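Asks: Structure, please.
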Amino acid sequence: MTELLYGLGFLALLSLSALAGMHLRKRLPTEHLSSENMEAVRMMTGLLVTFAALVLSLQLSRARSAYDGASRNRAAYASELARLDQCLRGLGAPMEQTRLRLRQYTAAVIASTWPDEPKPTIEGMPDPKGMALRGEDASLARLMSEVGLAIDAAAPSDHTGANTAARCRAAYEAALQGRWAVIEDTHAPSGNVFTAIISLWLALVFVSFGLQIPRRRVTAMVLGIGVVSVSSVMFVIVDLDTPYGGFFGIPSTAMREALADMSR
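Replies: Purely as a prediction, here's the structure:
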């Protein structure tokens, strides 16, 4: 929802900037609209457009790369949890309670990370209402710690069981690494300063566009298309910077598939 408000804000800002430029052109005396003055305006506008295009391109590439990385980390984490559960199955009945805790953990992660989607229900799972939407949550960390302690305490007497327990410890360590990778993905650096600076640049660009174009229907339509296009780019950048929300949010599919595999 916040990302949509940002997009509408960009659209309103650039539209008002273009209208301000058109209004200014109408109010200025004719001598200020001479070819020499307009040429100077075009030169400065070209400089601003070049800078803005370069920065927007780099920022869009960075945002998409960060989003793709977060999506890969989430899918890898889901697979690590499913692999850990498969390993615990190999240790038999003594690990059934530990497997239940792992299912509770996975269900709580889904419910807290995607609060607007249907919540999975596992008996005994913690209430997701008080959990942090982003980053580390103490109750989830405690569940994972209990799973790790149970794996460390496993000491099968036979050779096969000992090897399976060793694989489970390795799988648990991999799951922990995946967990921290997912947590770090939610702590992307704030782009508020960038957004403010580039918005100022774009506002000046569209003021100059409005100042230069004649008051004709076709030119106004072309300017409107430019406003919508640039606003949509800014919206996409802001939306991609919030990988677990907005229009392009990472889906819960991988985690739900992992939970379904654990429950079989």
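Asks: For the stretch 1-150 of the chain, give me the ranges with low pLDDT.
Replies: 1, 3, 31-33, 133 (pLDDT under 70).
Asks: Could you rerun that using 90?
Replies: 1-11, 13-15, 17-60, 62-63, 66, 92-93, 112-113, 115-117, 121-141 (pLDDT under 90).
Asks: quick one, helices of it?
Replies: 2-27, 35-90, 96-113, 138-153 (DSSP state H, counting those that start in this stretch).
Asks: Need the ones you listed in CSV (columns: distance to Ala132 and mean neighbour count).
Replies: (C-beta placed from N, C-alpha, C; glycine too.) Below are the helices of the stretch 1-150 of the chain laid out as CSV (distance: least, Cβ to Cβ, whole Å; neighbours: other Cβ atoms under 10 Å):
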stretch, distance to Ala132, mean neighbour count
helix 2-27, 17, 17
helix 35-90, 16, 16
helix 96-113, 7, 22
helix 138-153, 8, 16
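Asks: For Val236, which of these is the nearest?
Replies: helix 35-90 (6.7 Å; Cβ to Cβ).
Asks: Point out the other helices and strands that the closest one packs with.
Replies: Packing partners of helix 35-90 (3 or more Cβ pairs under 8 Å, 6 or more residues apart in numbering; DSSP states H and E): helix 96-113, helix 159-185, helix 192-212, helix 217-240, helix 253-262.
Asks: Which positions in the third one come out as buried?
Replies: Neighbour counts using 16 or more other Cβ atoms under 10 Å place 195, 198-199, 202-212 of helix 192-212 among the buried residues.
Asks: need the residues you listed in TSV with distance to Met144 and pLDDT, can you?
Replies: Output for those, formatted as TSV (distance: Cβ to Cβ, whole Å; pLDDT from 0 to 100):
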residue	distance to Met144	pLDDT
Thr195	35	80
Ile198	40	85
Ser199	41	86
Leu202	45	88
Ala203	47	89
Leu204	50	87
Val205	50	87
Phe206	50	87
Val207	54	86
Ser208	55	86
Phe209	54	84
Gly210	56	82
Leu211	59	80
Gln212	60	81
